[in-house]
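Colleague: compute the structure for the input listed below.
(one chain, ligands or ions: 1)
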Amino acid sequence: MHHFDYQAGELCCEQVPLRVIAEATGTPCYVYSHATLRRHYRVFDEALGDLRHLICFSAKANSNGAVLAALGRLGAGVDIVSGGELERALRAGIPAHKIVFSGVGKQAGEVAQALSAEILLLNVESEAELELIAGVAATLRRRAPVALRVNPDVDPQTHPYIATGLRESKFGIPIADARRVYERALALPQLDVCGLDCHIGSQLTSVQPLVDSLGALVELIDVLRARGVHLRYLDIGGGLGIRYADESPPTPDEYGAAVRALLRRLAAPELTVICEPGRVIVGNAGVLLTRVVYYKDSGHKRFLIVDAAMNDLLRPSLYGAFHEIKLAALADGANRPHGPVDVVGPICESGDFLAKDRDLPAVEPGALLAIMSAGAYGFSMASSYNSRPRPAEVMVDAEAWAVVRERETVDDLMRGERLPPWLR
Ligand code: LLP
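Modeller: Sure, this is the predicted structure:
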């Protein structure tokens, strides 16, 4: 469910025609729907029902300050993976006690930053990291709240680049070693061993891998309880998929029901379940607007060359991901021949495409297109490759809209660059 619909032949975000935004801000431009964000957050929250829970939105999916602030207003916490994301979350007004820190390569400076801010917990991914955190905590004379991220060796049946719960992946502590690593952690007085964490992958389209991994977590919690260790947090990660094309991922309700059924048995007054959804909250809440620059027919292939490229939206190039493309004005497609076209950007690589062999009308230059489902891992993965300033970002709320990040300028791109003395 999202709030991008045609009204009188024009694609609108809530009440605002995308044309109006494109005319004012230029293209490419990301547009986010506040109503969709709110709706997705609430549906996810309600799906978890009376299970005591905290939703920590995964900032890597979209770390724009307005998106974080909008979710923060609804009560969300944030899942971060860097000192940069910590700073963004805090500046967006997310309370530190709702921030969890994941990631395999946390550095001492980032750990110190997190401990000083007094975040909720750090998800620890290796024994070496455990020792590092204990050392930093000792220096700061603080106790570090930690959860161990375990790797359950479950196949999440998703794209290999975003599968994280298989034993050959770099993430987490092998579940078979977890008991031993908990003992080590419990022996370090600088650590408050308060949680267990697991995230098996992203864009999950079946609930079964999640059920399998949760089953393993429940067993581990039983073992720890028998040992007298009563954890306060069970972080079940993110990963719930969305519909880009013809996938049928579990609904938040189905996901919530499965989670509640598995975890009911664990119910204990001290236990809070943490979820780290990213894509399911923001994916369908955003589109990327782009204009057609040229139509080109090579005789073998037809191309729409547009002003957005792989630097703006990397997912098609990196994962072969499908994003639906819609005309902002239906009239642009009227009486134009339809057929398979590649929608490509101006970047000097054949890997620079946004869609392949898509059945679209051969629209005229200037036509405005909306690349759908681009709210997650869109802007957050954008780069300035080919010295292309990153797009503007806009948020819509009913009839109102506002630029929530200005388009980068070429000056922004060159900030900090200088000639060495011998070239001056
Ligand atoms: N928690 C952890 C520890 C994660 O690594 C991730 C995503 C999430 C939560 C959020 O997962 P989500 O609910 O969004 O599936 N760039 C890729 C996705 C990478 C996901 C990385 N980790 C893409 O564009 O598909």
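
Colleague: helices or strands next to the longest strand along the chain in the packing?
Modeller: The longest strand of the chain (DSSP state E) is strand 286-297. If you count contacts as 3 or more Cβ pairs under 8 Å, 6 or more residues apart in numbering; DSSP states H and E, strand 286-297 packs onto helix 18-25, strand 29-33, strand 302-306, strand 368-371. In short, each C-beta sits where N, CA and C put it, glycine included.

Colleague: pull out the buried positions in that strand.
Modeller: By 16 or more other Cβ atoms under 10 Å, the buried positions in strand 286-297 come out as Gly286, Val287, Leu288, Leu289, Thr290, Arg291, Val292, Tyr295.

Colleague: what do you get for stretch 208-228?
Modeller: The neighbour-count check on stretch 208-228 (16+ other Cβ under 10 Å) flags Pro209, Leu210, Asp212, Ser213, Leu214, Ala216, Leu217, Leu220, Ile221, Leu224 as buried.

Colleague: redo those as JSON lines? Include distance to the ligand.
Modeller: Shown next, in JSON lines, are the buried residues of stretch 208-228 (distance: Cβ to the nearest ligand atom, whole Å):
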{"residue": "Pro209", "distance to the ligand": "13"}
{"residue": "Leu210", "distance to the ligand": "11"}
{"residue": "Asp212", "distance to the ligand": "17"}
{"residue": "Ser213", "distance to the ligand": "13"}
{"residue": "Leu214", "distance to the ligand": "15"}
{"residue": "Ala216", "distance to the ligand": "17"}
{"residue": "Leu217", "distance to the ligand": "14"}
{"residue": "Leu220", "distance to the ligand": "18"}
{"residue": "Ile221", "distance to the ligand": "19"}
{"residue": "Leu224", "distance to the ligand": "21"}
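
Colleague: what's the mean pLDDT across the helix or strand where Val403 lies?
Modeller: Assigned by DSSP states H and E, Val403 belongs to strand 400-405. Here strand 400-405 scores 98 as its mean pLDDT.

Colleague: other SSEs contacting it?
Modeller: Counting contacts by 3+ Cβ pairs under 8 Å, 6+ apart, strand 400-405 packs against helix 18-25, helix 65-73, strand 392-397.

Colleague: if you set the cut-off to 6 Å instead, what comes out?
Modeller: When contacts are defined as 3 or more Cβ pairs under 6 Å, 6 or more residues apart in numbering; DSSP states H and E, strand 400-405 sits against strand 392-397.

Colleague: residues of this structure that sit close to the ligand?
Modeller: Applying Cβ under 6 Å from any ligand atom, we find that the chain lies next to the ligand at 58, 60-61, 79, 102, 162, 164, 199, 202-203, 237-240, 276-280, 315, 319, 376-377, 381.

Colleague: mind doing that once more with 8 Å?
Modeller: 58, 60-61, 79, 81, 102-103, 123, 149, 159, 161-162, 164, 171, 197, 199, 201-204, 237-241, 276-281, 283, 314-315, 318-319, 321, 376-377, 381 (Cβ under 8 Å from any ligand atom).

Colleague: so what strands line up beside the strand holding Val403?
Modeller: With DSSP bridges as the test, strand 400-405 is paired with strand 392-397 (antiparallel).

Colleague: how far off centre is the strand it pairs with?
Modeller: 17 Å (Cα atoms, centre = their mean, to the nearest Å).

Colleague: could you dump it to PDB, C-alpha only?
Modeller: What follows is strand 392-397, C-alpha atoms only, in PDB (Å, rounded to 0.1, in the frame of the first residue of the first chain):
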ATOM      1  CA  ALA A 392      17.400  16.400  -4.300                       C
ATOM      2  CA  GLU A 393      15.000  14.700  -1.800                       C
ATOM      3  CA  VAL A 394      11.500  15.900  -1.200                       C
ATOM      4  CA  MET A 395       8.800  14.900   1.300                       C
ATOM      5  CA  VAL A 396       5.100  15.200   0.700                       C
ATOM      6  CA  ASP A 397       2.400  15.400   3.400                       C
END
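
Colleague: state the mean pLDDT of that strand.
Modeller: Here the average pLDDT along strand 392-397 is 98.

Colleague: can you name the residues in contact with it?
Modeller: By Cβ atoms under 6 Å, 6 or more residues apart in numbering, the list of residues contacting strand 392-397 from outside reads 13-14, 16, 21, 25, 29-34, 64, 66, 379, 401-407.

Colleague: hang on, the earlier thing: ranking the helices and strands packed on strand 286-297 by burial, who's on top?
Modeller: A comparison of those by mean neighbour count, using mean count of other Cβ atoms under 10 Å, puts strand 29-33 on top with a mean of 27.

Colleague: what mean pLDDT does the following helix or strand past that one get?
Modeller: Per DSSP H and E, the first helix or strand lying C-terminal to strand 29-33 is helix 34-47. If you average the pLDDT over helix 34-47, you get 98.

Colleague: if we can go back for a sec, turn the helices and strands packed on strand 286-297 into CSV, columns for distance to His97.
Modeller: Formatted as CSV, the helices and strands packed on strand 286-297 follow (distance: least, Cβ to Cβ, whole Å):
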stretch, distance to His97
helix 18-25, 36
strand 29-33, 26
strand 302-306, 44
strand 368-371, 37
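
Colleague: out of these, flag the one nearest Ala185.
Modeller: Across the helices and strands packed on strand 286-297, Ala185 has its closest neighbour in strand 29-33 (39.4 Å, Cβ to Cβ).

Colleague: shouldn't Val280 be in contact with Gly238?
Modeller: No. The criterion here is Cβ atoms under 6 Å, and Val280 misses it with Gly238 at 7.7 Å.

Colleague: neighbour count winner among these two?
Modeller: Higher neighbour count among Val280 and Gly238: Val280, with 29 against 25, using other Cβ atoms under 10 Å.

Colleague: which SS class is the more buried one?
Modeller: helix (DSSP: H, G, I helix; E, B strand; the rest coil).

Colleague: quick one: contacts for Thr27?
Modeller: Leu289, Thr290, Arg291, Asp307.

Colleague: bridging residues for the residue nearest to Ile236 when sequence neighbours are not counted?
Modeller: What sits nearest to Ile236 in space, not counting adjacent residues and going by Cβ to Cβ, 6 or more residues apart in numbering, is Cys275, at 5.8 Å. The bridge-partner assignment for Cys275, based on DSSP bridges, gives Ile55.
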